[in-house]
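J.: what would the 3D arrangement of this be:
(3 chains)
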Amino acid sequence: MLILECPYCGVKAEETEFHGGGEAHLKRFGPGSSDDEFHGYLFEKVNPKGVHFERWRHANGCGKWFHAARDTVTLEVFGTYPAQTSEPPQDIKDKISAKRPGWSWREFA
Amino acid sequence: MSTRLAQGGRLLNKDRTLKFTFNGKHLKGVEGDTLASALLANDQMLVGRSFKYHRPRGIVASGAEEPNALVGLGKGARFEPNQRVTTTELFDGLTCESQNHWPSLEFDVGEVNSKLFARFLPAGFYYKTFIHPRPFWKHLYEPFIRQSAGLGKPPRRGDEDSYEHFYAFVDVLVIGGGVAGLQAAKAAGEAGARVLVMEQTAHWGGRAPVDGGEVDGQPVDKFVDEIVAALEEMPNVTLRNRMMGAGVYDHGYVLGYERVTDHQPEAKGPRHRLWRIRAGQVITATGAIERPISFAGNDIPGVMLASAVRDYAVDYGVSVGDRTVVVTNNDDAYRTAITLKKLGLEVPVILDARASGGGRLAEEARQMGIRIETGKGIAKVKGGKRVEGVAICAQAGEGAVLEEIKCDAVAMSGGWSPVVHLWSHCGGKLIWDEAQAHFRPDVDKAPTGDAGEAFVIPAGAANGALDLAGVLADADAAGRAAAKATGHSPKSAAAPVGKAVEEAAIEPIWLMPQGAKVQLRMKAWLDYQNDVKVSDIQLAAREGYESVEHAKRYTTLGMATDQGKLSNINGLAILSDALGQPIPQTGTTTFRPPYTPISMSAIAGEAKGPLFQPLRKTPMYDWHADNGADFEPVGQWRRAYCYPKRGESRHGAVNREIKQVRDSLGLLDASTLGKLIVKGPDAGKFLDMLYTNMMSTLKPGRCRYGLMCNENGFLMDDGVVVRLDEDTFLCHTTTGGAEAIHGHMEEWLQTEWWDWKVYVANVTEQYAQIGVAGPNSRKVLEKLTDDDIGPEALTFMGFKDITIAGVPVRCYRISFAGELSFELAIPASNGRAVWERLIEAGAEFGVTPYGTEAMHVMRAEKGFIMIGDETDGTVIPQDLGLGWAISKKKDDYIGKRAQERKHMADPKRWQLVGLETVDGGVLPDGAYATAEGTNANGQRKTQGRVTSTYYSPTLKRGIAMGLVLNGPDRMGEVLEFPKVDGTVMKAKIVDPVFYDKDGEKQNV
Amino acid sequence: MSEPVSALNGASFDGTVAVREAGLQGMITLRGDLSSAKMKKAVKNATGAAIPGTREIAVSRESAAAWMSPDELLLMVPYDTAAEALGKIDAALKGEHYLAVNVSDARAVFEIAGAGVREVIAKLCPVDMAPGAFEPGTIRRTRMAQVAAAFWMVDAETVRVVCFRSVAGYVFGLLCDAAEPGGEVGFFV
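T.: Predicted coordinates for the structure are as follows:
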């Protein structure tokens, strides 16, 4: 069972306090988008072996959504950060680069 | 015969006798006994029958690894099957019974059967033998298997004991309270780390006090006493015995299984406590387990691990036999021979399979006059329900008997395997140690935690250190390393120095004799509990099961409740040999938690009986219960389904309640409806995105029914939205939707539109909500308020803050029943009081409380949809004729883009209609309307289905709603709905609004 | 006016600790910019307490302000003064973007008292209750068995627990079960 640190309240808590929310940094496509764009937004989620970015909510806690950068194989957590961003912050990316040189995830590396 | 000795018994208090029964026989033990030692003290060699062949079985081990001696313990609500006698502490009044025998332990029909059936029960018999011929299954195989299958009996009554969980957080968790665990804990504790040590038995020191040796020049048991006393003095160290490390999981999570009152069942407190521990570092000081040797008859009662024979003698003062033959491939078993001899018991011979024999311990044994035969082994153990003798052969041969020796016990040792289970649970890797012939932890490949760091450290015998000096040095280093890894500074004190007799090298022996013929291999057991023999593994290999995981499943080796603690290494060695490959190449099977079985109740903890799950209650719940309500679960809520009067059926009650609402007056507890405050300058814009309707145009003081879709376009919730003031809205959700829709709102606000100025608060439970419905609803309210709620002052879909019975109440004029009705939002703490005033004031109108079923029927009579009935996660508002609730003016709302997809606009989507049965009966819920022809699977084609169906007391006939192909264009057509009983029900397609189509009743 | 009644009407139990429903408690959910001067004033006016730091609870006589999230506080005042306190907040924050709502009836509050309070909480919540790890002045929102709850220590032997009103019976049952005599763990020394 994972432990994650909520970046809002600073609590390092076990998984049962949180609620997983799937892939992070999705771009919403609404009316006016093509079928392909909309399909990609709703249905084409990545499922990588290794570095991954996910959304979590501190559901039994402060209620805030945040992002976690995590290795899906070793379960190492590289870091967590608030959800009000459309891409991973540089310090998280640097931390991953130090531990997993040459990593990439979707359009990020 | 096995018996209690006059001397010995390190763990016993012989002054206190304990009575117990085994299969109804009254026996006596003493305080400190395990059930195993007490049974042996009473010469109860035969304790159970094997699972498959019902062979007589006795105690093999002295600890958690015991495969044979499982009993049904206790009686009635406290009966529990499959309890290991070796880990059950004896208490006064204990009762137990043996398992897997019919009709009795001494005489078993299954054993006779097994002689007939043995050739039908080879490896993989589950998969092949019983398939053909088919008729045999019913008349022969199944009755036989049913009679003999199963391990113990399930308890018949509920568990009356209590259980609990406990969350603990420590820097260093030490699993195992032997000398390694204690020394590791001391090293970590002295560095200042918060340490928890758990030991599965009731005693500290592990097997070191039995094996002997010296630490810093004093006997090892004295060392144990001193280190335990030292640890007890340390405020940052907690010692916990009768607590097993059950499993090691991700990120330093460990389950500890504490058996609090198993040994004193009459004591207060929980029976088991499941510790949910989060540790910075975990030290697995779990020791090692001795391996049996595979020779013919190694399962006959009286054949025991050499270490167990020694444990029973030293710890419990019990001799397993008067004449014990020792058979070994290593020096450690000589300790058993020496111990027995010192106690005055006979050791006719030590059979050392090694051609070169043993070292200094062998020398000591020889000087005591014990006969030692090197390069020899056991061809066969003689006896049935107990050992009668052994036939000796050359280890290098095929089993030609050289000599027969009478004996009543055999002590065997095939070497020691580190207990690597807890190291392995979370991904720790193993390496094969050629010199010691065992797998041990590969310390460079430890399980890793949340920061990517190694978090498990093996210590002592669990790390392959088998001698006392090595154990203590290794454990001390482990304790220091763990302390350091958790940010503490280890002290510079020197580790204690252990000293034990030097031992000669082990020589791996996987089969005895080396060239044993098939008759012998068929009697050489690997897995006692699942009855797997050497010949089974060899057969599996011949049949192509090369992967150890496949061979395991095919033969069931290691799949019993002992998880192969004794059998795994021997089994995979046999498999490797059969495949002609080295052992490391074969590898091990996966170790999975728990280490030994733990009780289901411990896992459940407090979650049983009334605490099984949270039950949510409204402020009026107790009134409903006091007034005969029949409750139904709605999510975790308990809502009144109806209020049957004495002698009245549920159906009758529902019909009565509906009639009374339509004729006069009813009250509904609607408190469970979700209530969310949405406030801010952007609240209107936000709700325009959340609802399909336009909410920003709603005038303050007004209500509007709204629909909410998910991004897939599917309808997910509905409810009345109220605009309280310019920038404050109150959104009602369905009962089940309150938390989900609150979460949905927060999700979009936090993760997509985080720059919008909107705050949301869930005020669902702040209010008791009462629906006051029926033609007399205004009259009853007017009796209780001075405020004007007349038709002009409070219009349909409006609201007003009023005072009822002195309580400030928000009064909405909305209707779900189709009558003149109001909903009152009352501060919850006054909810019941206002409800009671309404009941009193309504008496003159014959007021009735009504439940959820009456509400459902009345909304169906009005053609109102219900989320979860008309919707199932694949229905869009357009399917339900709710196009009017979808704003055409908005560029965007959640779900709009999805609803533009081609298949969402497909005219072939089933659409909502009313259904009126031809015979007036009630359609079955979920019934399908059939169409002509069959589909590709040969099934009848369908053209619609029932989504809601009720008897309408208002219309005095069955009414239903359903989704039907081109439904709205087919008014008057009759559809056929087959029922499960084979008959067909016919129903006409009609408008879904059955009652008061023009809404005149609610607009008065 | 009818007398308001708390969820369990003051139910109590004596076990390894004393468990008691603390009765009606005025509560206000306040959301807004916690760093603004106007917010500071609003909280001060309503409760007398300062804005609490992250995961802290600031107590002032009979009132308190508890940190719920970076943009939310839970203000506690005597039950019958909640409307008055709400009025003060509305006055102080007029023109600001904020949300203040009376939730006095939406919750149940329990007080457990005795030397074993840390253990009772540790049986139910995945929180490190060791002295030093959790002390008075901190509030923790978490999971209590199967429901959401928040708790803080009033002093070394008193803990207050807040949960939703509808599950008051469940939470009371949990606390009583965890306080059952004979269940002492002896882990926190």
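J.: for residue 34, what are its contacts?
T.: Looking at chain A here, since you left the chain open. With contacts taken as CB atoms under 8 Å, 6 or more residues apart in numbering or on different chains, A:Ser34 has no neighbouring residues. Glycine gets a C-beta too; all of them are placed from N, C-alpha and C.
J.: you answered for a different chain; I wanted chain B.
T.: B:Thr34 makes contact with B:62, B:85-90, B:316, according to CB under 8 Å, 6+ apart.
J.: near chain C, which residues of the stretch 51-200 of chain B are found?
T.: By CB under 8 Å from any CB of the partner chain, the part of the stretch 51-200 of chain B that sits against chain C consists of B:162, B:164-169, B:194.
J.: nearest to chain A, of those residues?
T.: Distance to chain A across these (CB to the nearest CB) is lowest for B:Tyr167, with 8.6 Å.
J.: quick check on that closest one: phi, psi?
T.: Dihedral pair for B:Tyr167: phi -90, psi 120, per degrees, to the nearest 10.
J.: so what's the residue in chain A positioned nearest to chain B up against?
T.: Closest approach between chain A and chain B, counting by CB to the nearest CB: A:Glu76, at 3.9 Å. By CB under 8 Å, 6+ apart, the contact list for A:Glu76 reads A:70, A:99, B:448-452.
J.: tell me who's in contact with the nearest residue to B:Arg291 once chain neighbours are set aside.
T.: Using CB to CB, 6 or more residues apart in numbering or on different chains and skipping the chain neighbours, the partner closest in space to B:Arg291 is B:Gly414 (3.7 Å). Contacts for B:Gly414 (CB under 8 Å, 6+ apart) come out as B:290-294, B:328-329, B:509, B:570.
J.: give me the phi and psi angles of B:Gly217.
T.: According to degrees, to the nearest 10, the main-chain angles of B:Gly217 amount to phi 80, psi 0.
J.: how far away is the spatially closest residue to it that is not a sequence neighbour from B:Glu214?
T.: Counting by CB to CB, 6+ apart, the nearest residue to B:Gly217 once its immediate chain neighbours are dropped is B:Lys499, at 8.0 Å. Distance of B:Lys499 to B:Glu214, computed by CB to CB, to the nearest Å: 5 Å.
J.: how about C:Ala178?
T.: 46 Å.
J.: ditto for B:Leu539
T.: 49 Å.
J.: compare these two (neighbour count), which wins?
T.: Neighbours per residue (other CB atoms under 10 Å in any protein chain shown) separate B:Leu539 from B:Glu214, with B:Leu539 holding more: 19 against 16.
J.: how near is that one to chain A?
T.: Remark: distance between B:Leu539 and chain A (CB to the nearest CB, to the nearest Å) = 37 Å.
J.: wait, C:Asp33 touches C:Glu72, no?
T.: No - contact criterion CB atoms under 8 Å: C:Asp33 and C:Glu72 do not qualify, at 11.1 Å.
J.: these two: who's more crowded?
T.: C:Glu72 (19 against 14).
J.: quick one: pLDDT of the closest residue to that one other than its chain neighbours?
T.: Distance criterion CB to CB, 6+ apart; nearest residue to C:Glu72, sequence neighbours excluded, is C:Arg31 at 4.8 Å. The confidence metric pLDDT takes the value 98 at C:Arg31.
J.: who's C:Arg31 bridged to?
T.: Beta bridges link C:Arg31 to C:Glu72, C:Leu99 when assigned by DSSP bridges.
J.: what about it, neighbour count?
T.: The number of residues packed near C:Arg31 is 22, by other CB under 10 Å.
J.: likewise for the one 3 residues further on?
T.: Summarising burial for C:Leu34: neighbours were counted as other CB under 10 Å, giving 20.
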